[in-house]
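Visitor: Next input, structure requested:
(one chain, ligands or ions: 1)
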Amino acid sequence: MHFSKWQGCGNDFVLVDCFKENVDDFAAFAKQVCDRHYGIGGDGVLYVLPSDKADFRMRIFNTDGSEAEMCGNGIRCFARYLHDFGLTEKEAFTVETGAGILVPRLQLEAGKVTGVRVDMGEPVLEGEKIPVKGFGMDRVIEEDITVKGQDYKMTCVSMGNPHCVIFVDDAEAFPIHELGASFESHPAFPRKTNTEFVEVRDRQHVRMRVWERGAAVTLACGTGSCATGVAGVLTGRTDRKVEVELDGGKLMVEWDEATNHVFMTGPAELVFTGEIAY
Ligand SMILES: N[C@@H](CCC[C@H](N)C(=O)O)C(=O)O
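Guide: Residues are numbered from 1 along each chain as shown. The predicted model follows:
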């Protein structure tokens, strides 16, 4: 089987083009190939699929084999794959995802992709829809959560997938490896959660580290950066346009007041192509 390996801010993915390749079990394949010792290595697998609603369909599976509704760094890599490997000549196209139909736009210089800006749609803020238990259709802004005996204030946002944003004084020092899994599987989150630990540097800059549902600590999370941008506005900490500094790079996030849509801009790079026995 032919595959390509991509990264966006160090969040890395194996991409399989299902127009050309056949995978029997998407979940089992993701678990197998994401393994960094026995597989190709990656934070997830992106499957390129046909769609009857949009130009293409993207499905994303985490390293543990769970399927996520959406992946922000993944959709930029997906978009660049479509362009670089000749599946589309369009600069902007529609992609069906578990978070609805989203629109990536390639940033081109002399025919080469320098970045991708994605219309990530509207954030979902109603507790029941994120989902977070106990808030009905109310927003979950600076609400209490206790994890391993310690109290935190959480702000929850869905970008199609669930996010819990915790503002901290020092993101570098936060014990993410010790506590991340306890946030992920906290009973407040019926579908588990991604958790972002965010230090506000100023109104236009934040430092974010992430524990991802189904993948543990990763170097970056695109949907998590968008959720952070929204949480920054909801809590009055940041402006609507913010640079998010991640372990693996930087993303620009803008929550547009007129449309209520979130826009994310950042890199997408091919790491290598290869073949695997399957
Ligand atoms: N890294 C991604 C998010 C991938 C899915 C996530 N782990 C989940 O289960 O929701 C991103 O860049 O958004």
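Visitor: excluding its backbone neighbours, what's nearest Ala27?
Guide: Spatial nearest neighbour of Ala27, chain neighbours left out: Gly65 (4.0 Å); criterion: C-beta to C-beta, 6 or more residues apart in numbering. In this view, the C-beta of every residue, glycine as well, is placed from N, C-alpha and C.
Visitor: Can you name the residues that contact the one you found?
Guide: Counting by C-beta atoms under 8 Å, 6 or more residues apart in numbering, Gly65 touches 27-28, 30-31, 214.
Visitor: which residue ranges form the helices in the chain?
Guide: Secondary structure of the chain (DSSP state H): helices at 26-34, 72-84, 176-184, 222-234.
Visitor: Please produce a markdown table containing the ones you listed, extended by mean pLDDT and mean neighbour count.
Guide: As requested, the helices of the chain are arranged in a markdown table below (pLDDT from 0 to 100; neighbours: other C-beta atoms under 10 Å):
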| stretch | mean pLDDT | mean neighbour count |
| --- | --- | --- |
| helix 26-34 | 98 | 20 |
| helix 72-84 | 98 | 26 |
| helix 176-184 | 98 | 17 |
| helix 222-234 | 99 | 28 |
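Visitor: Which of these sits closest to Gly8?
Guide: Nearest of the helices of the chain to Gly8, taken as C-beta to C-beta: helix 72-84 at 3.5 Å.
Visitor: quick one: that closest one to chain centroid distance?
Guide: 13 Å (C-alpha atoms, centre = their mean, to the nearest Å).
Visitor: Show the low-confidence segments of the stretch 101-250 of the chain, by residue range.
Guide: Along the stretch 101-250 of the chain, the model assigns pLDDT under 70 to no residue.
Visitor: out of the contacts of Gly65, what pair is the most spread apart?
Guide: So, these by C-beta to C-beta: farthest apart are Ala28 and Gly214, at 14.2 Å.
Visitor: for His205, what are its contacts?
Guide: Contacts of His205 (C-beta under 8 Å, 6+ apart): 242-243, 245.
Visitor: As TSV, the residues you listed with distance to Val253 would be great.
Guide: Converted to TSV, the contacts of His205 look like this (distance: C-beta to C-beta, whole Å):
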residue	distance to Val253
Val242	6
Glu243	8
Glu245	11
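Visitor: Would you mind listing what in the stretch 151-278 of the chain touches the ligand?
Guide: Applying C-beta under 6 Å from any ligand atom, one finds that the stretch 151-278 of the chain approaches the ligand through 161, 194, 212-215, 218, 221-223.
Visitor: So which of these sit within strands?
Guide: 194, 212, 218 (DSSP state E).
Visitor: How many residues are close by Gly136?
Guide: For Gly136, the tally of surrounding residues (other C-beta atoms under 10 Å) stands at 8.
Visitor: looking at it, Arg209 is touching Val217, isn't it?
Guide: Yes. With contacts counted by C-beta atoms under 8 Å, Arg209 reaches Val217, the gap being 7.4 Å.
Visitor: So which of those two has more stuff around it?
Guide: Neighbours per residue (other C-beta under 10 Å) separate Arg209 from Val217, with Arg209 holding more: 24 against 14.
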